[in-house]
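> from the sequence below, what's the structure:
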Amino acid sequence: MKLVVIFLFAAALHVSANGFGQKITISKKNVSLEKVFKEIRKQSDYFFIYSNQNVEKATKVNIDVKDATIQEVLDLCLKQQPLTYTIVEKTVIIKPKQEAVVTTVAVAPLAVVSGTVTSKGTPLSGVSVLAKPSNRGTTTDANGKYSLTIKDGDKTISFSSVGYISQTLNIKTEGGEQKTVDAELLIDDQNLESLVISVGTRSLPRSSANSPLPVDNFDAKSLKSTGQTTFDKALQYRVPSFNTVQTPVNDATSLLDPYEIRNMGPSRTLILINGKRKNMSSLVYTQTSPGRGETGADISAIPTDAIERVEILRDGASAQYGSDAIAGVMNIILKKNTNGGAVTVRTGITGKGDGKMYGISLNNGSTVGEKGFINYTIDLSKVGLANRPGTLSAADEAAYWGVPLATTQAFLNLKKDGGNINGAPETSAAKFEVNGGNDLSSTTKIYYNAAYVFKKVNSYANYRAPYWRKVSDMPYLASLYGTGTPASYIGYVPTFIGDLNDYNATLGFKSKNNGWLTDVSLTTGGNSQDYTVTNSQNRSKDASGNFIYAPNPNVYIGQNTFKPGGTKFRHLVGNLDISKVVASNLSIGFGSEVRTENFEVIAGDKQSYDGLGADSYQGNTPENSGKFNRYNLGAYFDMSYDVTKDFLLNGTVRGESYSDFGNATVWKVSSRYKALDDKLTFRGSASTGFRAPSLHQIYTEKSQSTFSGGSIQITGIINNVSTAARTNGVPKLKAEKSTNLTFGVGVKPGRDFSVTFDYYNIKVKDRIVLGNLVDFGTGGQAFFVNAINSITSGLDFVAEYRNIKLGKGKVVLNLSGNYTIDNKVDGAVNNPASVKALTGTLAGQTVFNATQDALMFTSRPKFKYIFGVNYEAGKLGLSLNNTVFGPTKFKQADFSNPGLYTEFKTAAVTDLGINFEATDKLSIAFNINNIFNVIPKYKIKSDGSASANAIVNNPALLRNEDLNLTFDGRYNITTYDGSQFSQLGTMFNLSFNYKF
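Next up, the predicted model:
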């Protein structure tokens, strides 16, 4: 591995030492344009993207040039053709000429013409600028600026770029002074799929239309139109295979909600920022909620106003990017504009009048010197508590807790909801993002980006009703939560406060020499979470039966406030990526990555963990705390080969070496074939993958309160390398291994209509789970273990119909969906030998029971469809989206009968968005999300067995099961196990955007 890294760095030095030549010589008579393009690729580092249909219609050309530039050759070849071209980086995109927007600008003969090219106020880099008939040209820099010398006799200047309608300006030669000519390009909605994508290959960049892999591409406008206030929730209503859910009361889980692509959990989707790995969160989900045992990056921390677009690769990509990319890769591309900044003020509220939201965001940019840029975003927001408690029955509470009816009735007369607070917590956030770069020369540039996010979340534990405690404890509790007499004690609700800090930064350098593109970068990132528990107490007693932490200002002033500690994670990543077009139909890429990771468990104060610890959330003990680290080295080689103009092959192989679990070698092959003049495309891939166990999963050890079977229990998690783990025969964790198959078809009968279907099959071996409690004779213990193999398969489809004329505007229809065929355990549970060997009353235990199975598999929607209608006419824009969430099943292990399960019913959520451009600078957006106030609804069902049928057919017995599931009705909307979508119902959001 060290030799590979040394080789790669040596190659980089070799590339940097050579010159960069772009002059070519061609002598061809009566040849097709395609042959000219292939000859250009042989002699340069340029490659081409074009439609076979368009190029085949072109007439044959004669060309005889020596030491000519690429632009000179292209101008000669396309002079009499109905085609034009755009150059982005070293990619030449050939496309039909668009109808020109013609105006007249006076320009001096032999003058230098300069200006800025923008689109809706945003500078455009890489725009081709061409003066005719001299055919002198240039491209705009990172700030959208250009400078061009005009010859006497030039009559027009044209501006063209991928995804935009070309513009041609007539010019007159009058006077001798320098002139400024600016251009404003309009977006060409019909050619958005020609945008070059960054994910899916490590050699030759491809457009989404030519990629052999399924890649979603969403711009900032599409995300904002959802009306959702955070990036992760916007994706929920834009990407069918993406799911996230807000759980009601789950302590640290409230800081960031678990998410997943293709039902694979947050650990198996790699998050990139401008193509570089983002740090994971320091939180591992340990509660009974979807995502249990997983960890992932905090994508909700990314301000939406900082995002230019998002690429989502829905395919296994471990060979290309390393660990965590089993389900796919999400690449978040930041804005680069240097003028046309804007400030957005937003507010919102739920249909019930709670959950009030206020926010302000500023995005702006500036040039740095002559060839540099910087773009920055500041986002401040506050979201109020949205409470959705259930209504409790005094009789049910009395029966459950074994107390007199009068006792529960007296309390519920004061608090009919039992004092419970669940739903969406109060959240305050400050987000900062910066993106920049500078062209050091025509062949080299430096780039950078950085972000910092602070979030504070206030959530609540279950209310501790007075009848939960012994009468002998009442005097003590009443002194804290009453007037000092037992009769005055009415209970308390512990609060959980989380402070989250998240940061990431990248500094990189790119150079282009002799056709070689070299990219060297260093990325750092980290996440820390500190917790505070208030309105609680430690009820531990000494040998004499006295409370150790009784209220005594001289001994312990903050007796009802605790600092239980927290967690930290950080990484440092170095990347070297090299690529080159080595022949007209062959490109290669290779590179290496070195990464160090550090995970820290921070001990809490003694009062938070001593004895019983802080009620609701016990602190980290010194024994369970510490700092842990590892490093890994990785290297890859990628090759892309155009066998014919229609047939593409791509292959990648990667090797990884981890300091703690060993080595891994993975590969990937993909292909694409086009037919019927590009109207039909077949694509597919096969790959192997891996996911290294996270440091969180190896070293997390703690005790905490969890809700299970209608009661609160203190559970213990032992870390994987502890003495307790070895004593109980818990094996060391090893890496997950996967195989991923994807194949699909795309149909594009016309420019305005397209459909794609993709089938996927993902098998994961030795999947890591946080098991349920196992009693080895010393009490219940949970631990991380490679417990199962899994299989996940399904279908993704995307259909879009553009430019449907309606009145004075146009309509866009889109339908997309994900259907899960299989999402289940593949084979038997791999219980550790020590668990299998348990005998007597301890026999028959398993680390993976029905609840675990539901959290990982069946609690995800069977299908999800999104149907959208977008209409734009002048200053008015309307969007109507319907998201259909399929059913989910939850086979609760704590039900009295194993044949019972909960099913959340299929539901459709309808969202309406209205956008109005009041002036050139001010626009107003109003969104009503979930217009019809649809909330998740469940029903307890039977698997068909006689014993389970007897329960569901008996209203009294069925009610008991329902009370068990919802903790006596405290969670009658979502239950403690989550659901397919938000439990908050209708939400109203209003925003004002003002452009500078």
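> doesn't A908 belong to a helix?
No - using DSSP: H, G, I helix; E, B strand; the rest coil, the assignment for A908 is strand, not a helix.
> bridged to it, which residues?
V884 (DSSP bridges).
> identify the residues contacting it.
Applying CB atoms under 8 Å, 6 or more residues apart in numbering, one finds that A908 lies in contact with 882-885, 934. Every residue, glycine included, has its C-beta placed from N, CA and C.
> thought G296 was touching S281?
Yes - contact status for G296 versus S281: in contact at 6.4 Å, counting by CB atoms under 8 Å.
> I'd like the contacts of A908 laid out as a markdown table, including neighbour count.
Shown next, in a markdown table, are the contacts of A908 (neighbours: other CB atoms under 10 Å):
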| residue | neighbour count |
| --- | --- |
| N882 | 15 |
| T883 | 24 |
| V884 | 18 |
| F885 | 23 |
| V934 | 17 |
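> for the nearest residue to N786 once chain neighbours are set aside, give its distance to A487.
Once flanking residues are discounted, N786 sits nearest to D766: 3.9 Å by CB to CB, 6 or more residues apart in numbering. From D766 over to A487 the distance is 57 Å, taken as CB to CB, to the nearest Å.
> between these two, who's got more neighbours?
Neighbour totals were compared for D766 and A487, and D766 leads with 20 against 11 (other CB atoms under 10 Å).
> check contacts around that one.
Contact partners of D766, counting by CB under 8 Å, 6+ apart, are 734-737, 786, 789, 830.
> of those residues, closest to L186?
Among those, E736 lies closest to L186 (CB to CB), at 47.5 Å.
> can you get me a residue count around that closest one?
E736 has 23 nearby residues by other CB under 10 Å.
> what stretches of the stretch 151-300 of the chain score poorly on pLDDT?
For the stretch 151-300 of the chain, residues meeting the criterion pLDDT under 70 lie at 162-163, 172-178, 187-198, 200-210, 248-251.
> switch to 80 and redo it
Scanning the stretch 151-300 of the chain for pLDDT under 80 picks out the ranges 151-155, 160-166, 170-179, 186-211, 245-255, 287-289.
> with the stretch 351-500 of the chain instead?
Low-confidence segments of the stretch 351-500 of the chain (pLDDT under 80): 472, 474-487.
> same thing but at 90, please
367, 369-371, 388-391, 400, 421-425, 441-443, 459-462, 468-491 (pLDDT under 90).
> in the stretch 451-600 of the chain, which spans are helices?
For the stretch 451-600 of the chain, the helices defined by DSSP state H, counting those that start in this stretch cover 474-481.
> so what pLDDT did L695 get?
Per-residue pLDDT puts L695 at 96.
> what of the one 5 residues further on?
As summarised for this prediction, T700 has a pLDDT of 92.
> re earlier: out of the contacts of D766, which end up buried?
Neighbour-count burial (16 or more other CB atoms under 10 Å) applied to the contacts of D766 gives 735-737, 786, 789, 830.
> residues contacting the residue nearest to S879 when sequence neighbours are not counted?
Closest residue to S879 apart from its sequence neighbours, by CB to CB, 6+ apart: G913 at 4.1 Å. Listed by CB under 8 Å, 6+ apart, the contact set of G913 reads 225-227, 877-881, 925-927.
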